[in-house]
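Q: compute the structure for the input listed below.
(2 chains)
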2 protein chains.
Amino acid sequence: MPSDCLFCRIIAGELPSTQVYSDDSVVAIRDIAPAAPSHLLLLARKHIASIGEIQATDKDLISKMGLVATELAAREGIAEDGYRLVLNVGRNGGQSVDHLHLHMLGGRPMAWPPG
Amino acid sequence: MPSDCLFCRIIAGELPSTQVYSDDSVVAIRDIAPAAPSHLLLLARKHIASIGEIQATDKDLISKMGLVATELAAREGIAEDGYRLVLNVGRNGGQSVDHLHLHMLGGRPMAWPPG
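A: Have a look, this model is predicted:
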């Protein structure tokens, strides 16, 4: 775990967050700058820089994050009306923290294009 | 396969598309209304309405689509600069076709919020 990784420090409890879910591979927190009424970040517990850096041994993590998102959408009460899942990769993608994380945004109609 | 599903008909070759990738579970085409210089749609070959409808037996498909996206990002020449992956779920998510598909957008900086 890189000691300067914001999300590793949040997962370790060294920095505060509003945690809404945790299991052995995924931790979900509320985004501190929400872009929608419901805006969660699903963090990989393991430090992986991005989906582009994922190794074959960790590939199931992508499915896991997607399925946790559907579960959290139900808990947040946004499953029926719908939501958007966003994975930013690198500079053009707008990835602000180099630690694999999936955005889930709902509670309002999401516009197009997606940024 | 529902005969009125746009993406099922594209996959079956009944409707035209610019296909850039195909394997036993995923087909990728260019979006006909691109929102970025590189804008691909990764379609599940199997008709599944959305990630919220995915069954346990198909869960590996999410990882598969994510990994195909990283491969196609490299082919499109956007892997280094970065890109955004977007999964729209339901009405608020902006899902326009009820057939599981992942958007990959790159070739320009993607803005925030993501729609």
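Q: show me what counts as buried in stretch A:31-45.
A: Counting neighbours by 16 or more other C-beta atoms under 10 Å in any protein chain shown, one finds that the buried residues in stretch A:31-45 are A:31, A:35-36, A:38-45. In short, each C-beta sits where N, CA and C put it, glycine included.
Q: just these now: which is nearest chain B?
A: Of all the buried residues of stretch A:31-45, the one with the least separation from chain B (C-beta to the nearest C-beta) is residue A:35, at 3.6 Å.
Q: pLDDT score assigned to the closest one?
A: Each residue has a pLDDT score; the one for residue A:35 is 98.
Q: what's the closest non-adjacent residue to it?
A: Setting aside the residues directly before and after it, residue A:35 is nearest to residue B:113 in space (C-beta to C-beta, 6 or more residues apart in numbering or on different chains), at 3.6 Å.
Q: is the helix of greatest length in chain A anywhere near chain B?
A: Using DSSP state H to define each element, chain A has its longest helix at helix A:60-76. Yes: with C-beta under 8 Å from any C-beta of the partner chain as the measure, helix A:60-76 is seen reaching chain B through A:60-63, A:66-67, A:69-70, A:73.
Q: so which residues of chain A form helices?
A: Under the criterion DSSP H, chain A contains helices at A:6-11, A:60-76, A:90-93.
Q: take these and lay them out in TSV including mean pLDDT and mean neighbour count.
A: Formatted as TSV, the entries for the helices of chain A read as follows, by pLDDT from 0 to 100; neighbours: other C-beta atoms under 10 Å in any protein chain shown:
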stretch	mean pLDDT	mean neighbour count
helix A:6-11	97	19
helix A:60-76	97	20
helix A:90-93	98	20
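Q: I'd guessed residue A:68 sits against residue A:22; true?
A: No: between residue A:68 and residue A:22 there is no contact under C-beta atoms under 8 Å: 10.1 Å.
Q: identify the contacts common to the two.
A: Where contact means C-beta atoms under 8 Å, 6 or more residues apart in numbering or on different chains, the residues bridging residue A:68 and residue A:22 through contact with each are residue A:28.
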